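A.B. asks: Sharing a sequence plus its predicted fold:
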Amino acid sequence: EEQFVESGGGLVQAGGSLRLSCAASEFNFEDYDIGWFRQAPGKGQQAVLCISTRDKRTYYLDSVKGRFNISRDNAKKTAYLEMNNLKPEDTAVYSCAALELCGTSHYYGMDYWGKGTLVTVSS
């Protein structure tokens, strides 16, 4: 069920930064782990990273470690993805989802999601 609205995407040069936001609507945002996902053109969806209800971060892609960070503001029912030192291979539609659990190597139970926002990184 779509319950998020993502924003903040756009065109950026390699080495640049973007901050994506995803705002939740009518569910108990604070009760869920939140994950960011991406889908590059012609490819399948990848889980990028996740933040638990207790602010523990789990990275699912080694390629973004040290460059991307996730945070959440439960009062605003919003999660954020800070992306630095962007590379052309980061080009994708980025979306967020409410998860039942951010596991160590997998996530579980995607209950709510959004349509995503497009990030294009030029070389």
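C.D. replies: That came through fine.
A.B. asks: any idea which residue sits dead centre in the chain?
C.D. replies: residue 36 (2.2 Å; CA atoms, centre = their mean).
A.B. asks: gap between that residue and residue 25?
C.D. replies: 18 Å (CB to CB, to the nearest Å). From N, CA and C alone the C-beta is placed, and that goes for glycine too.
A.B. asks: And for residue 55?
C.D. replies: Taking CB to CB, one finds residue 55 at 22 Å from residue 25.
A.B. asks: Same check on residue 119?
C.D. replies: Distance from residue 119 to residue 25, by CB to CB: 23 Å.
A.B. asks: more crowded one of the two?
C.D. replies: Applying other CB atoms under 10 Å to residue 119 and residue 25 shows that residue 119 carries more neighbours, namely 22 against 13.
A.B. asks: So that one: helix, strand or coil?
C.D. replies: strand (DSSP: H, G, I helix; E, B strand; the rest coil).
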